[in-house]
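>>> Model the structure of this input:
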Amino acid sequence: MKRLFAAVLALILLLCGCGVIKENDERGECVPTSEMDPLDNEYHGRVEKSALYFLNETSGTLTAELRTLVIEQDTNPAEVAIEELLRGPSNEDLAGVAPEGMSLDFIEFSRDIANVYLIYSGQGIAAKRKFILELALANTITDILGATYICVFYNGIYTGFSGIASAPLKKQTGNIEDAWLQAQAKYLPEVHTAADEITNEEPSLPLQTAEADQALLTEEELAQAAQEPKISEITTILYFVSAGGGYILPEVRNVKYTEQDYISSLFEELKKGPQDTSVMKSPLAYDLEIIQEPEQTDIGEGYRLTLDFSGLPTDDFSDEEDSILSFAAIIYTITGFVPEIQSIDLLVQGKRITTVDGLTGFYDGMHRQDYIGYIGSSAPIYFADKDSDLLLEVLRSMEQEKIWSAKERTKEIIEGPLSGDGENAWPVMPSGVSALDIMSVDVYEDTAYVNLSQNFKDACAGFSSKNEMLLIYSIVNTITALDGINKVQFLVESKQTKALAGHLWLTDPFLKNYGIIKKSG
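Residues are numbered from 1 along each chain as shown. I've put the predicted structure just below:
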């Protein structure tokens, strides 16, 4: 019966392109030695081909140029690609999209949203050229990270579309001129209409119909329509506090704004809370109000916004972490949508908030950069499913610096399931192991080499074949979720080993096992 069970498991794993379960007395006791020891190699990382988008002036579109990139270990691949993009194309038929002297500071990536921070001290960039640059950034990052929305910041400040609040960027595949005119029509309708009149173009049929309808209105109705406030609906990124604390996370929704009263609408949306309450919570107390009209003051290189609240944003101001995250969500939401906001003064009934943690002083207002590091990112981590012999995928919030590290993701498995992971998530690690037992995780080309301690191996003694398989594939599936890593090779104390608990041979690298993942729903 035991051999039959082992044979069935072996067949399943072979069909998945994964490792093989063998009995201890079968062939395979001679452990092969790798031709190259990755632990002795000075270089860790991988080489990838990525599409960088530049302007094709002949076709009037953004055209992809395939570029070979060297991605160092624990590095966001999009940052490497954007650094190359800013240097310009190698193809003479394509034109660069960035002005000379522009460089990348960093990229934040969370829940399909990328915030790109650029550094530039040169002369002002023409609105259309900036539009093309931002579309090229969006196309390049979308292809690499699978991001849906992109926001671009210049020297830490969001500028919108020609200084107007606008939706985050998405990948654009059509003609640049058409995209530019469509954006003008949406955010600068007066400019777009004037341009049409200058070119003496014939009005489109919808415009003719609208003018005909307008001619049927009385003077009184026309005057009333002119006085009615204009309402626009714009896709907006809001930031909420993660359910487990520790981070802020973004959520995208369509928000209606009256004229340019952005602050009131953003404030109300934050109070409503997130749509996904299992992952996030509102940063604002339910009874919080803005008691004075928000004020914007021109300070030369942007604006300072002053907000006066009826009380402290969070219900429990004694919780220092909760307070910091609440302020971070407010600052990130406003500075990521309202253009040219350099700093925000937050007041409570007229008294300025100058500190949150008792250490940091906000004497010239709060800045977006004050809260960089608090935005989390989500990574799929695999645990055992309590009700089956499969693995359960959970999304774990992690720091931006750690999200690209295979070792840091593996350490999340050791930490075990958290309250927000659901009652079915079950630990896979043996008792008595810690993060120190993951000695290293080094990436070379498409393979991650997981170096475990002898203590880790000893702790696995007595594991059943099922438990060993769940343990191994929780690590393999978690690590191979990182783009560019296709295989995982296990080592013990920097040497290849036959097995951990004696059921699953570790001499060959493992591929991701899709068949062992429990399907949602």
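>>> Got the domain ranges for the protein?
What automatic domain parsing lists as the domains of the chain is 2-30+379-516, 47-186, 232-371.
>>> End to end on the second one, go ahead and measure it.
In this case it means domain 47-186. The first residue of domain 47-186 is 41 Å away from its last residue (CA to CA, to the nearest Å).
>>> Centre of the chain to it, how far?
Relative to the centre of its chain, domain 47-186 is centred 16 Å away, using CA atoms, centre = their mean, to the nearest Å.
>>> what about this protein, any weak spots by pLDDT?
1-43, 190-229, 315-319, 357-360, 521 (pLDDT under 70).
>>> As a check, name the ranges of all helices in this structure.
Taking DSSP state H, the helices of the chain run over residues 2-15, 77-87, 127-145, 176-187, 189-198, 205-215, 219-227, 262-272, 320-335, 406-415, 454-459, 465-479.
>>> May I see these organised as TSV, with mean neighbour count and distance to A165 added?
All C-beta spots, glycine's among them, are computed from the backbone N, C-alpha and C. TSV is the format used below for the helices of the chain (neighbours: other CB atoms under 10 Å; distance: least, CB to CB, whole Å):
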stretch	mean neighbour count	distance to A165
helix 2-15	13	52
helix 77-87	21	24
helix 127-145	21	15
helix 176-187	16	8
helix 189-198	12	14
helix 205-215	10	25
helix 219-227	9	23
helix 262-272	17	6
helix 320-335	22	10
helix 406-415	20	36
helix 454-459	17	52
helix 465-479	22	39
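>>> Please report the distance of F510 from L188.
55 Å (CB to CB, to the nearest Å).
>>> Of those two, which one has the most company?
F510 (27 against 18; other CB atoms under 10 Å).
>>> How about the more buried one: which residues does it bridge to?
Note on F510: beta-bridge partners by DSSP bridges are V488.
>>> does it really touch I479, like I thought?
No. Under the contact definition of CB atoms under 8 Å, F510 does not touch I479, with a separation of 9.5 Å.
>>> Can you pull the residues that touch both of the two?
V488 (CB atoms under 8 Å, 6 or more residues apart in numbering).
>>> Can you give me the neighbour number for the nearest residue to G96 once chain neighbours are set aside?
Leaving aside its sequence neighbours, G96 sits nearest to G88 (CB to CB, 6 or more residues apart in numbering; 3.8 Å). Using other CB under 10 Å, G88 has 16 neighbouring residues.
>>> Quick check: G88 vs D105, distance?
19 Å.
>>> same question, A328
Distance from A328 to D105, by CB to CB: 18 Å.
>>> And for A138?
Using CB to CB, one obtains 17 Å as the distance from A138 to D105.
>>> and stretch 115-126, which residues are buried?
Buried residues in stretch 115-126, counted by 16 or more other CB atoms under 10 Å: 115-118, 120, 125.
>>> Could you do stretch 486-505 as well?
486-492, 496-505.
>>> do the same with stretch 372-390
372, 374-379, 381-385, 390.
>>> OK, contacts around the closest residue to Q369 other than its chain neighbours?
Take Q369 and drop its neighbours on the chain: the residue closest to it by CB to CB, 6+ apart is G156, 5.3 Å away. If you count contacts by CB under 8 Å, 6+ apart, G156 has them with 117, 342, 367-369.
>>> Narrow the residues you listed to those in strands?
Those of these mapping onto strands are 117, 342, per DSSP state E.
>>> who wins for neighbours among the contacts of G156?
Neighbour counts for those peak at R368, which has 22 neighbours (criterion: other CB under 10 Å).
>>> residues contacting it?
153, 156-157, 331-332, 335-336.
>>> With just CA atoms, put stretch 440-458 into CSV.
Output of stretch 440-458 as CSV, limited to C-alpha atoms (Å, rounded to 0.1, in the frame of the first residue of the first chain):
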residue,chain,number,x,y,z
SER,A,440,20.7,31.9,2.1
VAL,A,441,18.6,32.0,-1.1
ASP,A,442,20.7,32.9,-4.1
VAL,A,443,19.4,33.3,-7.6
TYR,A,444,21.5,32.4,-10.6
GLU,A,445,19.8,32.7,-14.0
ASP,A,446,16.4,31.1,-13.6
THR,A,447,17.2,28.9,-10.5
ALA,A,448,17.0,29.8,-6.9
TYR,A,449,19.3,27.9,-4.6
VAL,A,450,17.8,27.5,-1.1
ASN,A,451,20.5,26.8,1.4
LEU,A,452,19.0,25.3,4.6
SER,A,453,20.8,24.6,7.9
GLN,A,454,21.4,21.1,9.4
ASN,A,455,19.0,22.0,12.1
PHE,A,456,16.3,22.6,9.5
LYS,A,457,16.9,19.1,8.1
ASP,A,458,17.0,17.5,11.5
